[in-house]
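Engineer: Sequence and predicted structure, then a few things I'm wondering about:
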Amino acid sequence: MQYLGLAVVVALLAIVTTLIAARMLAGGHWLLGWLRGTVGMLVLSMAGLIGLVAWDVTTYHPLDHGTPLASLTFKADGQQRYQVKVQERQNTRFVTLEGDLWQLDLRALHWKGLAALIGLEPGYRLERLSGRYLAVEQQDQARRPYVQLGHSRAGVDFWAWLHRCQCAPLMLEAQPRRVSYLPIADGAVYTVEMAPTGLLAIPANVAAEQAMKDW
């Protein structure tokens, strides 16, 4: 709910900016019409960009430490080929992955300063599930090296901009998180949690535990 609320606030900001732009474009005696029109269009464009950022933020969920963010269930579908059930909150999807190992990338948004002090929760979005062969020759010929799990809407990637910016004064920081390569096995189930040390994958059944022991 927090990130939906954030999106609503940003969307309201976009609406206010649009109204300001409309007033600039429609008002006055046009003594400086070309300047007023140029600035008005710039403000209107900014309003549209802010609205797209609000839409992108709705793809993130509150990040709860110690609570499973997702679970991955692997089912063999051929030689070193697996159907993966990705369970995230109330959403379930199935993807195909090839290889002997798996890796999960996640995007995190962390609040800083006053925002963190008042208790605003960090957010996350699953980004990419990757497969890898142990044999170099197989890896070079891999057809499905990864599956994209997260997508930014309308081509506006707020997290990527925030990560490249590294703007210290901002209250929001973009951080990448990753579960490094772990073994795949038929029937294996892993849960993924955020720990103080980073993203953590936990074997959730006997097949996953055995795969970890044999690795």
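Structural biologist: Received it, and whenever you're ready, just let me know what you need. Residues are numbered from 1 along each chain as shown.
Engineer: Check which residues of stretch 99-119 are buried.
Structural biologist: Using 16 or more other CB atoms under 10 Å as the test for burial, stretch 99-119 gives 99-111. No exception for glycine: its C-beta is placed from N, CA and C like everyone else's.
Engineer: Strands - which of those residues land there?
Structural biologist: 101-111 (DSSP state E).
Engineer: Which one of the residues you listed is nearest to Leu162?
Structural biologist: Leu109 (7.7 Å; CB to CB).
Engineer: Domain-wise, how is the protein divided?
Structural biologist: What automatic domain parsing lists as the domains of the chain is 2-57, 62-214.
Engineer: Is the residue nearest the centre of the chain bridged to anything, and to what?
Structural biologist: With distances taken as CA atoms, centre = their mean, Arg125 lies nearest the centre of the chain, 2.9 Å away. Taking DSSP bridges as the rule, Arg125 bridges to Arg107.
Engineer: for it, what are its contacts?
Structural biologist: If a contact means CB atoms under 8 Å, 6 or more residues apart in numbering, then Arg125 has 59-61, 106-107, 150, 159 as its contacts.
Engineer: Which of these fall in helices?
Structural biologist: Cross-referencing those against helices under DSSP state H gives Trp159.
Engineer: Could you measure from Leu126 over to Gly78?
Structural biologist: For Leu126, the distance to Gly78 equals 25 Å [CB to CB, to the nearest Å].
Engineer: Give me the more crowded residue out of those two.
Structural biologist: Set Leu126 next to Gly78 and count neighbours by other CB atoms under 10 Å: Leu126 wins out with 21 against 9.
Engineer: how about the nearest residue to that one, chain neighbours excluded?
Structural biologist: Excluding the flanking residues, the one nearest Leu126 by CB to CB, 6 or more residues apart in numbering is Leu149, at 4.3 Å.
Engineer: ok, how many other residues are close to the one you found?
Structural biologist: 18.
Engineer: Check which helices and strands the helix or strand hosting Leu199 sits against.
Structural biologist: Assessed by DSSP states H and E, Leu199 sits inside strand 198-203. Applying 3 or more CB pairs under 8 Å, 6 or more residues apart in numbering; DSSP states H and E, one finds that strand 198-203 contacts strand 101-111, strand 172-183, strand 189-195, helix 206-214.
Engineer: could I get those as JSON lines with distance to Gly155?
Structural biologist: Converted to JSON lines, these look like this (distance: least, CB to CB, whole Å):
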{"stretch": "strand 101-111", "distance to Gly155": "16"}
{"stretch": "strand 172-183", "distance to Gly155": "17"}
{"stretch": "strand 189-195", "distance to Gly155": "28"}
{"stretch": "helix 206-214", "distance to Gly155": "37"}
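Engineer: Among these, single out whichever gets nearest to Leu72.
Structural biologist: Closest among these, using CB to CB: strand 189-195, at 4.9 Å.
Engineer: what's near enough to touch Pro68?
Structural biologist: Neighbouring residues of Pro68 by CB under 8 Å, 6+ apart: 191-193.
Engineer: Would you double-check that it falls in a strand?
Structural biologist: No. According to DSSP: H, G, I helix; E, B strand; the rest coil, Pro68 belongs to no strand; its state is coil.
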